[in-house]
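Colleague: 3D, please:
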Amino acid sequence: MRFISFAFITIITVSSCIAPNSTFEKIPPGIWRGMLLLDRAPVSKYGDDRDVVKKFDYDSELPFNFEVVYDDPSNFHIIIHNDTERIKVTDIAFGRDKATAKDTVIINFPMYDSYIKAIYEDGVMEGDWVVNYKENYSIPFKAVHGVADRFTMVDNEDTLHVDGKWACTFDIGTESEYKAVGVFKQDGKKLTGTFLTETGDFRYLEGIVSKKKLYLSAFDGAHAFMFQGKVMDDGAITGTFRSGSQFTTNWEAKRDENATLTSAYDLTKRVGDAPLSFSFPNVEGKQISINDEKYKGKIKLVQIMGSWCPNCMDETVFLQEYFAKNQMEDVAIISLGFERYKDDAKSMEALKRFAERMKIGHEVLYAGYYDKEAAGQKIPQLDKIMSYPTLLFVDRDNKIVKIHTGFSGPATPGYIDFEKEFANTLNNLRQK
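Modeller: Reported below is the predicted structural model:
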């Protein structure tokens, strides 16, 4: 596992209920089941663990697991689980809230400008997940200590077998309809996998199959994804996809081991033959241009990204790891950040926080607001910006020679293919 932003680490998980095996001063260590209540207001009574498990609502509750780990008797961090992904979150506050006179925990996701604030009492947290960059946006949150099952494992003999590759369509019948490829791995009733699209992937999904239905979810502090599907008599899957509490759409899938998408290198086109030229402030406020002396004669990788984008974070980690292993003095990276705030000061702060937490050594520039049409005007050498991230391979004369749209991260089988293509493209450019 890789260490990015909040740090990714490998930890072995176990099932059923787990009792803390050490003393603690704040909340109990060990495994927790978190739930985002997409359709309901918070419950008024806490109840015990068994009651919470029994009343789990597949249609309106998005589950995820996390661990509480104490660094010393007084300080702890949490680790969010999504399949094999482990996200370490250390920006946590705990104390007595004067307004409620109750113990309260605040879990901050600073790179994504969101946080969880919850009252803690008797093995249960209850509060809200709040997203600052969306106006009045919060989702009720509840977590129960000692429950390792992400979804309640329902015993039944009619277990589906959905392992493999599926050709999928989302937003069916709308102007936004798009294709995807579902890649699932099934172990008994446990289901993991992801959906690949032409602009990226849905990262690490985890869930179950139960009777004729499947359930998959993911939460990483930036996104809250919930997929439900039902296998029809003809073997196709039809279902719903929810992103947070305000977006719901439909999807369908047909088993197809040869399902493919348009190549990520064919989606965004270069306009004309003019060299790439731009100048934007870096996170320290200094104006930086691709035409600066330090970039002359070098191959450039220009990453179009945003600090709010997990796929961008995955690509950033890839670039950092690749060049840590392959020192290339004639290759420079420049990241152009397009942020979700229209306020330049807030955007610059978010981008600087991203650069610091990711320990980025190359220039990270603030290029403007993340609206794709507005962003496209900042780089007229492209026909459009259709995805964050988009990676430009630029030669020594600042001409764009190749464009990679989106990013298939380590949760996808396409990640290895990207690594190979990336290395080949870079080597070919360096030989010219």
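Colleague: the helices in the stretch 1-150 of the chain, which residues?
Modeller: Remark: helices assigned in the stretch 1-150 of the chain by DSSP state H, counting those that start in this stretch are 49-54.
Colleague: give me the low-pLDDT residue ranges for it?
Modeller: Within the stretch 1-150 of the chain, the ranges that satisfy pLDDT under 70 run 1-23, 40-59.
Colleague: Tell me where the longest strand sits in the protein.
Modeller: For the chain, the strand with the greatest residue count under DSSP state E is strand 61-72.
Colleague: Quick one: residues in contact with that one.
Modeller: 11, 13, 22, 24, 27-38, 40, 56, 76-82, 143, 148, 150-151, 217-219, 224-226, 242 (CB atoms under 8 Å, 6 or more residues apart in numbering). Where you see a C-beta, it was placed from the backbone N, CA and C, and this is true even at glycine.
Colleague: quick one: which of those sit in strands?
Modeller: 30-37, 76-82, 143, 217-219, 224-226, 242.
Colleague: picking that back up, tell me the strands beside the longest strand of the chain, with direction?
Modeller: Under the criterion DSSP bridges, strand 61-72 sits next to strand 30-37 (antiparallel), strand 75-82 (antiparallel) in its sheet.
Colleague: Please identify the most buried of these.
Modeller: Of all these, strand 30-37 carries the top mean neighbour count, a mean of 23, counting by mean count of other CB atoms under 10 Å.
Colleague: from the chain's centre, how far out does that one sit?
Modeller: Offset of strand 30-37 from its chain centre (CA atoms, centre = their mean, to the nearest Å): 18 Å.
Colleague: Alpha carbons of it, in CSV - could you do that?
Modeller: These are the backbone C-alpha positions of strand 30-37, laid out as CSV (Å, rounded to 0.1, in the frame of the first residue of the first chain):
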residue,chain,number,x,y,z
GLY,A,30,-10.4,-1.1,17.2
ILE,A,31,-12.8,-1.5,14.3
TRP,A,32,-15.9,0.7,13.8
ARG,A,33,-18.7,0.7,11.3
GLY,A,34,-19.5,4.1,10.0
MET,A,35,-22.7,5.0,8.2
LEU,A,36,-23.8,8.1,6.2
LEU,A,37,-27.6,8.4,6.5
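Colleague: thinking again about what came up before, next one: the longest strand of the chain to chain centre, how far?
Modeller: Counting by CA atoms, centre = their mean, strand 61-72 comes out at 17 Å from the chain centroid.
Colleague: counting contacts, what elements does the host helix or strand of residue 318 pack onto?
Modeller: Remark: residue 318 resides in helix 310-325, with elements defined by DSSP states H and E. Packing contacts for helix 310-325, counted by 3 or more CB pairs under 8 Å, 6 or more residues apart in numbering; DSSP states H and E, involve strand 299-305, strand 331-339, helix 344-358, helix 414-430.
Colleague: With distance to residue 60 as added columns, please give the ones you listed in TSV.
Modeller: Listed next are those as TSV, based on distance: least, CB to CB, whole Å:
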stretch	distance to residue 60
strand 299-305	33
strand 331-339	32
helix 344-358	31
helix 414-430	33
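Colleague: So for residue 172, which of those sits nearest?
Modeller: With respect to residue 172, and counting by CB to CB, the nearest of those is helix 414-430 at 23.7 Å.
Colleague: number of nearby residues for the residue lying closest to residue 132 once chain neighbours are set aside?
Modeller: The spatially closest residue to residue 132, leaving aside those adjacent along the chain, is residue 113, at 4.6 Å (CB to CB, 6 or more residues apart in numbering). If you count neighbours by other CB atoms under 10 Å, residue 113 ends up with 23.
Colleague: Please list all residues in contact with residue 113.
Modeller: Listed by CB under 8 Å, 6+ apart, the contact partners of residue 113 are 131, 132, 133, 308, 340, 350.
Colleague: I'd like the distance between it and residue 224.
Modeller: Remark: distance between residue 113 and residue 224 (CB to CB, to the nearest Å) = 15 Å.
Colleague: now do residue 98
Modeller: Taken as CB to CB, the span from residue 98 to residue 224 is 30 Å.
Colleague: all strands in the stretch 101-250 of the chain, in order from the N-terminus.
Modeller: Along the stretch 101-250 of the chain, counting by DSSP state E, counting those that start in this stretch, strands occupy 102-109, 114-121, 124-131, 137-145, 164-170, 178-187, 190-197, 200-201, 205-210, 213-219, 224-231, 237-243, 247-255.
Colleague: Residue 98 and residue 224: which is more packed in?
Modeller: Neighbour count, other CB under 10 Å: between residue 98 and residue 224, residue 224 has more, with 23 against 8.
Colleague: contacting residues around that one?
Modeller: Here residue 224 is in contact with 36, 62, 129, 139, 218, 243, 244 (CB under 8 Å, 6+ apart).
Colleague: and what of residue 429?
Modeller: 299, 393, 395, 401.
Colleague: Which ones among those lie within strands?
Modeller: Going by DSSP E, the strands hold 299, 393, 401 from the contacts of residue 429.
Colleague: How many neighbouring residues does residue 181 have?
Modeller: If we define neighbours as other CB under 10 Å, then residue 181 has 23 of them.
Colleague: what's around residue 423, how many residues?
Modeller: 12.
Colleague: got a list of what the nearest residue to residue 384 once chain neighbours are set aside touches?
Modeller: Spatial nearest neighbour of residue 384, excluding adjacent residues (CB to CB, 6+ apart): residue 376 at 5.3 Å. Applying CB under 8 Å, 6+ apart, we find residue 376 in contact with 382, 384, 385.
Colleague: Reformat the ones in strands among the contacts of residue 429 as a markdown table; add pLDDT and distance to residue 254.
Modeller: As requested, these are arranged in a markdown table below (pLDDT from 0 to 100; distance: CB to CB, whole Å):
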| residue | pLDDT | distance to residue 254 |
| --- | --- | --- |
| 299 | 97 | 42 |
| 393 | 98 | 35 |
| 401 | 97 | 37 |
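Colleague: quick check, nearest of the residues you listed to residue 253?
Modeller: Of all the ones in strands among the contacts of residue 429, residue 253 sits closest to residue 393, with 33.3 Å by CB to CB.
Colleague: you'd agree that closest one is up against residue 400?
Modeller: Yes: taking contacts as CB atoms under 8 Å, residue 393 lies within contact range of residue 400: 7.1 Å.
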